[in-house]
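Here is a sequence with its predicted model. Questions after.
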Amino acid sequence: MTRFAIVTPVRNAETLVGETIRSIIEQSGVASGRHQIDYIVCDGASDDRTAEIAAEVGGSLVRVISEPDSGMYDALAKGLRHVDGDIYFYLNAGDLLLPGAFDVVGRIFDRGDSDWLCGMHIHYSVSGSIVRASLPFRYRTTSILSGYYGAQLPHIQQESTFWTRSAMKRVDLDRLSTFKLAGDYFLWWQFAQLSEPLIVEAALGGFRHHGGHLGNDRSGYRREVQTLVSKRSLLRSVMAMLERPVWHAPGRVKALMNSRILRYSPSRDEWSSDR
């Protein structure tokens, strides 16, 4: 049995938080007992009904903490200090986990060959329809440490990124709590010092467009990223530029070029990098 540790940092999202919670607690693996969850909603003292709705929808499966904080990543750090599991991730209010995500993630981490993984890039419309789905090509360690993703190369989608207990142990939660915009990149920066993530050709979690996202302040986000990353070399910048077209190639082409992409084999009922 796999135990998932989950945090939802939130403030004043009474119209969104319920759907996010349901997408997690209604996973088939949770209902069947294949997976357990340790789930905390960290509410920043909302002045609407966010905390009440979270408690009503989550019931006995969700703990709700409602108190002032200094921002989203302060709330996230607080939650991560109080959850425990084999596999960790976080999901913001409004964003959604796709059905069966826990089963896929659990099976892949059972292989024991990665500390973190990323699924497909999934985007939802305001009304909750999937409007975009694409397979990432590769998240190179050197490019993460140099800050290329979200700048010259596509971003690492937080809603589809999961990591192990061993990766969680290396996260400096005190430093995470100081970020206002780029706390997600701080996590990826720390994980990249362990390994390059696996890419999984599966829809795991998705970003929902609803307005008011912290990521809308792109210049502020990049300024925070720059406090982390190493100096970019000319060679690495040229390589990133040459790699950009591959991100638009078909999935089978990406899989041929990156052995860390796992695809599902119906005949064997397994996830594999076999080409």
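Okay, I see it. Residues are numbered from 1 along each chain as shown.

what about the helices in the protein?
Listed in chain order, the helices of the chain (DSSP state H) span 17-25, 28-32, 50-58, 72-82, 101-109, 141-145, 165-168, 173-176, 183-192, 218-226, 234-243, 251-257.

among these, which is nearest Ala203?
Distances from Ala203 to each of these were compared by CB to CB, and the smallest falls on helix 101-109, at 7.8 Å. Using the backbone N, CA and C atoms, a C-beta is placed for each residue, glycine as well.

Just the CA coordinates for the closest one, please, in CSV.
What follows is helix 101-109, C-alpha atoms only, in CSV (Å, rounded to 0.1, in the frame of the first residue of the first chain):
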residue,chain,number,x,y,z
ALA,A,101,-3.3,9.2,-11.3
PHE,A,102,-2.4,7.6,-8.0
ASP,A,103,-2.3,4.1,-9.6
VAL,A,104,0.1,5.2,-12.3
VAL,A,105,2.4,7.1,-10.0
GLY,A,106,2.5,4.4,-7.4
ARG,A,107,3.4,1.7,-10.0
ILE,A,108,6.2,3.8,-11.4
PHE,A,109,7.7,4.7,-8.1
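
how about low-confidence regions in the stretch 1-150 of the chain?
Counting by pLDDT under 70, the stretch 1-150 of the chain contains no low-confidence residues.

if we go to 90?
Residue ranges of the stretch 1-150 of the chain with pLDDT under 90: 1, 31, 112-113, 127-128.

swap in the stretch 151-275 of the chain?
210-218, 230-240, 273-275.

now do 50
Within the stretch 151-275 of the chain, no range satisfies pLDDT under 50.

re the thing from before, same list (the helices of the chain) but as TSV, adding distance to Asp95.
Supplementary listing: those in TSV, determined by distance: least, CB to CB, whole Å:
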stretch	distance to Asp95
helix 17-25	6
helix 28-32	18
helix 50-58	15
helix 72-82	13
helix 101-109	12
helix 141-145	22
helix 165-168	20
helix 173-176	19
helix 183-192	12
helix 218-226	17
helix 234-243	27
helix 251-257	23
